[in-house]
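Trainee: pasting a predicted model and its sequence here:
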Amino acid sequence: MLSTHIDPFYFVFTLNNSGSTVFSQLLANNILDGYLPPHGNNEGQWIPEVTDMMRKDPWNPQTKMDWEFIKSTWRKYLTNASKKIFIESSPPNMIRIKSIQDYFKPKGACLFISNPYLHISSCIHRYSKNETFKNAAQRLSYSWLDKAKFQLENVQNFQNLPLIKYEHFCVHPEQAAQKALKQLQKNEKNKIITTNIKGKKNTLMKSITNMTPRHLAFLGDEGIDIINTILSEHPTTLYQLGYELIGHKKATRILNSNLLQACQGTTNRRQWEQIHQI
């Protein structure tokens, strides 16, 4: 049944592997009685009762979701935690905004995206199996393009939803939080923005930090060239989302901005190569 009243949900419609976990943690700390599901990367799709449904071919727009069941399950967790607003950022939701808005009527929502290099590098590092680095970089570059084009359509079709860019969020977290939470009532958010976060288990970082240097180092010149070759064929998508190609000179400047992260990225790539010797 379609919702006719405001439901206690806030949605972050985001691509996967784009920094939304930390962004959601920022929102949770600035929404009074905000709730992050304690599963996976704080995403509703990993709550056990709904995982089988939400993870079955999730990026296929034709896959149907039983939103009534999902909503009732999420509300149960919200009530049991004695919280008031459920913050949901499962990435595949970004291709289902219309149906989610019909069934949920959320208190607020925003769009979120990061630069393609961070996304592609993270996906290669975490998900690629039984393929060469070149094949993984090519495949995931096209995957980013597909999702980015979908997000661009969301920007155009849902103009009431603010677009938050990962890079701006890292530099100006207070501004990003204020922009994202503008739709909420005054009594639903903190009077003073706090930038405290829990951090992710796989980084052990407790501060908001732009991880692009680590991911560029992981990609190396080879990965950056592969990505640039593919993305250069789609300049409009990059431009309209506020991004541009990163050449070697700019990449070097970014790497030099955080040498500790760059070293970690190089280490991650070396370990990846050892595991994925094909």
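Mentor: Arrived safely. Residues are numbered from 1 along each chain as shown.

Trainee: okay, now the unreliable bits of the stretch 1-150 of the chain?
Mentor: Within the stretch 1-150 of the chain, the stretches with pLDDT under 70 are 1-4.

Trainee: same thing but at 80, please
Mentor: Counting by pLDDT under 80, the ranges of the stretch 1-150 of the chain that qualify are 1-5.

Trainee: now do the strands in it.
Mentor: Using DSSP state E, counting those that start in this stretch, the strands of the stretch 1-150 of the chain run over residues 7-14, 34-35, 85-88, 106-113.

Trainee: out of those strands, nearest to F158?
Mentor: strand 106-113 (7.4 Å; CB to CB). For every residue, glycine as well, the C-beta is placed using N, CA and C.

Trainee: circling back to that earlier point, could I get the strands of the stretch 1-150 of the chain as a markdown table with mean neighbour count and distance to T63?
Mentor: Formatted as a markdown table, the strands of the stretch 1-150 of the chain follow (neighbours: other CB atoms under 10 Å; distance: least, CB to CB, whole Å):
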| stretch | mean neighbour count | distance to T63 |
| --- | --- | --- |
| strand 7-14 | 23 | 16 |
| strand 34-35 | 24 | 26 |
| strand 85-88 | 24 | 17 |
| strand 106-113 | 23 | 21 |
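
Trainee: now the ones you listed as CSV including distance to T79?
Mentor: Putting the strands of the stretch 1-150 of the chain into CSV (distance: least, CB to CB, whole Å) gives the following:
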stretch, distance to T79
strand 7-14, 9
strand 34-35, 10
strand 85-88, 10
strand 106-113, 16
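
Trainee: so which of those strands is nearest Q240?
Mentor: strand 106-113 (11.3 Å).

Trainee: now do that closest one against strand 7-14, angle only.
Mentor: Counting by axes from the mean of the first three to the mean of the last three CA atoms, to 10 degrees, strand 106-113 points 10 degrees away from the direction of strand 7-14.

Trainee: what pairs with strand 106-113, parallel or antiparallel?
Mentor: Strand 106-113 has its sheet partners listed here by DSSP bridges as strand 7-14 (parallel), strand 163-165 (parallel).

Trainee: neighbouring contacts of it?
Mentor: For strand 106-113, contacts defined as CB atoms under 8 Å, 6 or more residues apart in numbering pick out 6-15, 18-20, 23, 85, 89, 94, 97, 100-101, 148, 151, 154-155, 158, 161-166, 179-184, 188, 241.

Trainee: with stretch 18-28 instead?
Mentor: Against stretch 18-28 from outside (CB under 8 Å, 6+ apart): 10, 12, 14, 34-36, 41-43, 87, 89, 91, 112-114, 118-119, 164, 166, 169-170, 173, 176-177, 180-181, 195, 197-200, 208, 211.

Trainee: for the residues you listed, which PyMOL command selects only the ones that are buried?
Mentor: Only the buried entries of the contacts of stretch 18-28 go into this PyMOL selection, using 16 or more other CB atoms under 10 Å:
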select buried, resi 10+12+14+34+35+36+41+42+43+87+89+91+112+113+114+118+119+164+166+169+170+173+176+177+180+181+197+199+200+208+211
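
Trainee: narrow the contacts of stretch 18-28 to those in helices?
Mentor: Counting by DSSP state H, the contacts of stretch 18-28 place 118-119, 166, 169-170, 173, 176-177, 180 in helices.

Trainee: show me the two of the residues you listed that sit farthest apart.
Mentor: H119 and A177 (21.7 Å).

Trainee: wait, which of the strands of the stretch 1-150 of the chain is closest to N130?
Mentor: Taking the strands of the stretch 1-150 of the chain one by one with CB to CB, strand 7-14 is closest: 27.7 Å.

Trainee: now the closest one, how far from the centre of its chain.
Mentor: 13 Å (CA atoms, centre = their mean, to the nearest Å).

Trainee: just stretch 5-12 next, same as before
Mentor: 18 Å.

Trainee: now that stretch - C-alpha only, CSV.
Mentor: Output of stretch 5-12 as CSV, limited to C-alpha atoms (Å, rounded to 0.1, in the frame of the first residue of the first chain):
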residue,chain,number,x,y,z
HIS,A,5,2.0,10.1,5.5
ILE,A,6,5.6,11.0,6.4
ASP,A,7,7.6,7.9,7.4
PRO,A,8,10.6,7.9,9.8
PHE,A,9,13.2,7.3,7.2
TYR,A,10,16.1,9.3,5.6
PHE,A,11,17.5,7.9,2.4
VAL,A,12,21.0,8.4,0.9
